[in-house]
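In: Kindly generate the corresponding structure for this input.
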Amino acid sequence: MFALNAKKFNRILLSSALLFSAAFAFGATKPSLTVYSYDSFTSDWGPGPKLKHAFEAQCQCELKFVPFEDGVTMLNRLYLEKGGKADVLVGLDNNQLAGARQSGLFAENNVDLSRLALPIEWTDRTFMPYDYGQYAFIYDQEKLTNPPQSLTELVARQDLKVIYQDPRTSTVGRGLLAWINAVYPQDQVADAWQNLAKHTVTVGKGWSETYGAFLKDEADMVLSYNTSPLYHQIHEQKSHYAAAEFSEGHIVQIELAAKLKKSAQPELADQFLAFLLTPEAQQTIALHNIMLPVIKTDVEPHFDRFQAAKTLAIPFPNREESKAQIQVWQQALSR
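Out: Reported below is the predicted structural model:
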């Protein structure tokens, strides 16, 4: 009787050990990838959740998004951490590119970039485009029937209530910073900021906050992207929002993803970056981030009919130039 119980006990013990070993092996072979991004990308209505589901289905891994209020805040956190807590960064843009390069925190990727179809040539092997658009001021055509035709007119017109984003915390605000400095001679930049300040309702920390305020009728125009009206057309069946076209041209914003040098999962990071350039991911990003795809792929009819505005080509500012531009902005607003 004891021998029979011992055999049963041994079988139970062996089965338990095998189950434990299998569970341990499964857990050990399921790596985790930490991706820093901005909150509108990772939110329930952004592309993040759908990208997470699709990527995890093919990678047998866990994708962890860590959201930040904006791309500037995210990059500043990364500088403080010296790139030690993330594997991938999603949400840099070309106006931050020079500073990100200087940081030395990022590694070259092994992604095939031959499929890229951008309005400018792209040769960088470290920072990979995943969507793009143009900075623009959005307005409601039913409420504003005489929108400004140029950036200088927008700055000068005191009858317009305007909202834009803080260039210290927002990539969109950083875009306006570059735009103003590209259009105005350097000795007129401070006066331009002062004139704009006279009819600015608020300078918000990030895009979500400011665009929400605009939709609540707190301003006539808000700084966003020329693709923003597509959101209202596709998701709300509203066609009365429009992007003002300025005679000086519009700066292109290219959003970028990059792998960290200190990534614990460099091969998986490359796999995720490559995934972002697949038609499936590009369609998801376009529809939920409301930006243009960086490869040639069908998204939906509204995107197919979309026409870009005139492009204003400018060199990407480095960290020192951006700091100097922000200082001029701050001093102008404090007068």
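In: ok, now which ones touch the closest residue to residue 310 other than its chain neighbours?
Out: Spatial nearest neighbour of residue 310, excluding adjacent residues (CB to CB, 6 or more residues apart in numbering): residue 249 at 4.2 Å. The way it works is simple: take the backbone N, C-alpha and C, and place the C-beta from them, glycine included. Applying CB atoms under 8 Å, 6 or more residues apart in numbering, we find residue 249 in contact with 309-313.
In: Check residue 132 too.
Out: 118-119, 252-255, 291-292, 294.
In: Can you give me the end-to-end span of stretch 116-135?
Out: Using CA to CA, to the nearest Å, the end-to-end distance of stretch 116-135 comes to 21 Å.
In: In it, which of the residues would be classed as buried?
Out: Buried residues in stretch 116-135, counted by 16 or more other CB atoms under 10 Å: 116, 122, 127-135.
In: Now do the same for the residue nearest the centre of the chain: helix, strand or coil?
Out: Centroid check for the chain by CA atoms, centre = their mean gives residue 91 as the closest residue, at 3.5 Å. Following DSSP: H, G, I helix; E, B strand; the rest coil, we place residue 91 in the strand state.
In: Which parts of the stretch 51-200 of the chain are strands?
Out: For the stretch 51-200 of the chain, the strands defined by DSSP state E, counting those that start in this stretch occupy 62-68, 88-93, 106-107, 127-140, 162-165, 200-204.
In: before we move on, what about the stretch 201-335 of the chain?
Out: Taking DSSP E, counting those that start in this stretch as the test, the strands found in the stretch 201-335 of the chain are 221-225, 241-243, 252-260.
In: burial measure for the residue nearest to residue 224 when sequence neighbours are not counted, as a count.
Out: Distance criterion CB to CB, 6+ apart; nearest residue to residue 224, sequence neighbours excluded, is residue 138 at 4.8 Å. Residue 138 has 25 neighbours, counted by other CB atoms under 10 Å.
In: Can you tell me how far residue 138 is from residue 280?
Out: Going from residue 138 to residue 280 by CB to CB, to the nearest Å gives 29 Å.
In: With residue 162 instead?
Out: If you go by CB to CB, the gap between residue 162 and residue 280 works out to 38 Å.
In: the more surrounded of those two?
Out: Just comparing residue 162 and residue 280: by other CB under 10 Å the higher neighbour count belongs to residue 162, 24 against 14.
In: Surely the more buried one and residue 197 touch.
Out: No: applying CB atoms under 8 Å as the test, residue 162 and residue 197 come out as separate, 9.5 Å apart.
In: Would you list the phi and psi of the nearest residue to residue 85 once chain neighbours are set aside?
Out: Nearest non-adjacent residue to residue 85, counting by CB to CB, 6+ apart: residue 34, 6.9 Å away. Reported as degrees, to the nearest 10, the phi and psi values for residue 34 are phi -100, psi 120.
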